[in-house]
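Undergrad: Need the 3D shape of this:
(2 chains)
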Amino acid sequence: MAQKPATTAREMAQVETIIGRILQVGVIFSAIVMLIGLALFLVTGYSGYEGDFVPRQMGMILAGTWQLKPYAIMMLGVYCLILTPVLRVVVSIYAFYKEKDHLYVAITTLVLIILLIALAIGVKG
Amino acid sequence: MIHTTIIMLAVGIFAGIAGAILGIGGGMIITPILTLGMGLNIKYAIGASIIAVIATSSGSTIAYLRDNVLNLRVAMFLEIATTIGAIVGALLTGVLDPKYLYLLFGCLLVFSGWNMYRKLRRGSEVLQRVEPDKIAAKLKLNGTYFDKAEMKDIDYQVENVPAGFSVMFGAGVASGLLGIGSGAFKVMALDTFMKMPLKPSSSTSNLMMGVTAAASATVYFFNGAILPGIAVPMALGILGGAVIGSRIMQVLPARWIRIVFIPIILYIGFEMLFKGLGVHF
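TA: As a prediction, the model looks like this:
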């Protein structure tokens, strides 16, 4: 790694701005989806499903969202929120790549791979 | 229904503000309110607190990235340790007696609380060293943050990278095995072991928490541990609270944050020690 301590701080500020913007879009998007679902739920007083049923398969959530079922929209919003940190890692790889910081492209890619393995084997806690 | 929504919104705002300032997940605030206060099954309370961790992390990180408080390289490098730790912790479930982890981490947190108290007495937030740490320099981990309380850029160096990496690995194991958010451990690894100032420590911990929690959150999501009627208003409250908290934190003197943090870290530490010793109240 070439040492360029003088430019590192400014580079980092750019990397952080890119990641911050995309994260903001992701967070606002999931907040809006959750808000729409919650508003529908409170206005109609009905979850869209029988009893206490909560949709949790992706197919059912998407189908329910299409039919404007409040619980389905709310779960979709929660799912988008869960994905925001993953989005942050993916964008970080791109941002470090743009700054030609290959060491951190490698480190961040490694984090993403471990994270995907964790998702795949179903880490608890 | 509207009643639950309003309560969860309010709880969320409070947890979001506190979590964003202190760098902890809010699970320790959310879980007791839901189980003791609202009589909710622990399964749903854990599901809700995992969502709380992610909401706190994503809500506060927006401001911390923009205002250049957190240290992205430190976060990314140490996330290798926390994510591997989380997998190891999950695999160790049923093999390793959690008692020993509770004892180990209880001791570490109490030690960290004591250390923070000493730092508070000494009065200086930023460590000034003549000789930069070799590993930290190689990984470009030293940084600068803008302190809005003091209205100036503060340069800092980190050290003891292997020790910080090990504690982060332990924090990952703990969150995989014990199902705890481990934000307090992350602040401890950064502040006590790597000698990072408290504000970058807290905001970097916030960023890292979300990544660790995202893996487990998917499991809880498809397990049916998420109740939308509870989780959605809470998450919305937390997002709002975290945005507010991440602004408050930057103008607070680091000393004040430390004064609030010490009793909390000691409380979690002693609670874990008692759990490890099998003492119940």
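Undergrad: got a list of what the one residue in the stretch 1-150 of chain B that gets nearest to chain A touches?
TA: At 3.5 Å from chain A, residue B:65 is the closest residue in the stretch 1-150 of chain B, using C-beta to the nearest C-beta. Placement of C-beta: from N, CA and C, glycine included. With contacts defined as C-beta atoms under 8 Å, 6 or more residues apart in numbering or on different chains, residue B:65 is in contact with A:16-17, A:19-20, A:23, B:72, B:207.
Undergrad: Out of the residues you listed, which end up buried?
TA: A:16, A:19-20, A:23, B:72, B:207 (16 or more other C-beta atoms under 10 Å in any protein chain shown).
Undergrad: Surely the residue of the stretch 1-150 of chain B closest to chain A forms part of a helix?
TA: Yes. The assignment for residue B:65 by DSSP: H, G, I helix; E, B strand; the rest coil puts it in a helix.
Undergrad: and the longest helix for chain A?
TA: helix A:5-44 (DSSP state H).
Undergrad: out of everything not next to it in sequence, what's closest to residue B:171?
TA: The shortest distance from residue B:171 to any non-neighbouring residue, by C-beta to C-beta, 6 or more residues apart in numbering or on different chains, is to residue B:185 (3.7 Å).
Undergrad: Do I have it right that the one you found meets residue B:170?
TA: Yes. Here residue B:185 reaches residue B:170: they are 7.0 Å apart, a contact under C-beta atoms under 8 Å.
Undergrad: so residue B:183 touches residue B:209, yeah?
TA: Yes. Counting by C-beta under 8 Å, residue B:183 does reach residue B:209; the two are 5.1 Å apart.
Undergrad: Off-centre distance for the strand or helix carrying residue B:3?
TA: Here residue B:3 sits within helix B:2-22, counting by DSSP states H and E. Its chain's C-alpha centre and that of helix B:2-22 lie 17 Å apart, by C-alpha atoms, centre = their mean, to the nearest Å.
Undergrad: and what of stretch B:251-267?
TA: How far stretch B:251-267 lies from its chain's middle: 13 Å, per C-alpha atoms, centre = their mean.
Undergrad: Show me whatever sits in contact with both of residue B:185 and residue B:170.
TA: Counting by C-beta under 8 Å, 6+ apart, the residues touching both residue B:185 and residue B:170 are B:105, B:108.
Undergrad: Looking at these two, which has the bigger crowd around it?
TA: Set side by side, residue B:185 and residue B:170 show more neighbours around residue B:185, with 27 against 22, by other C-beta atoms under 10 Å in any protein chain shown.
Undergrad: who's in contact with that one?
TA: B:105, B:108-109, B:167-168, B:170-171, B:174.
Undergrad: Which ones among these lie within helices?
TA: Using DSSP H, those in helices are B:105, B:108-109, B:167-168, B:170-171, B:174.
Undergrad: Let me have these in TSV, extended by pLDDT and distance to residue A:65.
TA: Below are the ones in helices among the contacts of residue B:185 laid out as TSV (pLDDT from 0 to 100; distance: C-beta to C-beta, whole Å):
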residue	pLDDT	distance to residue A:65
B:105	79	41
B:108	82	45
B:109	83	43
B:167	91	42
B:168	93	38
B:170	88	40
B:171	86	36
B:174	81	36
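Undergrad: how about those residues, which pair is most distant?
TA: B:109 and B:168 (14.5 Å; C-beta to C-beta).
Undergrad: coming back round to it: is the following helix or strand past the longest helix of chain A in proximity to chain B?
TA: The helix or strand immediately downstream of helix A:5-44 is helix A:58-66, counting by DSSP H and E. No. If you take C-beta under 8 Å from any C-beta of the partner chain as the test, helix A:58-66 misses chain B, and the best it gets is 8.6 Å.
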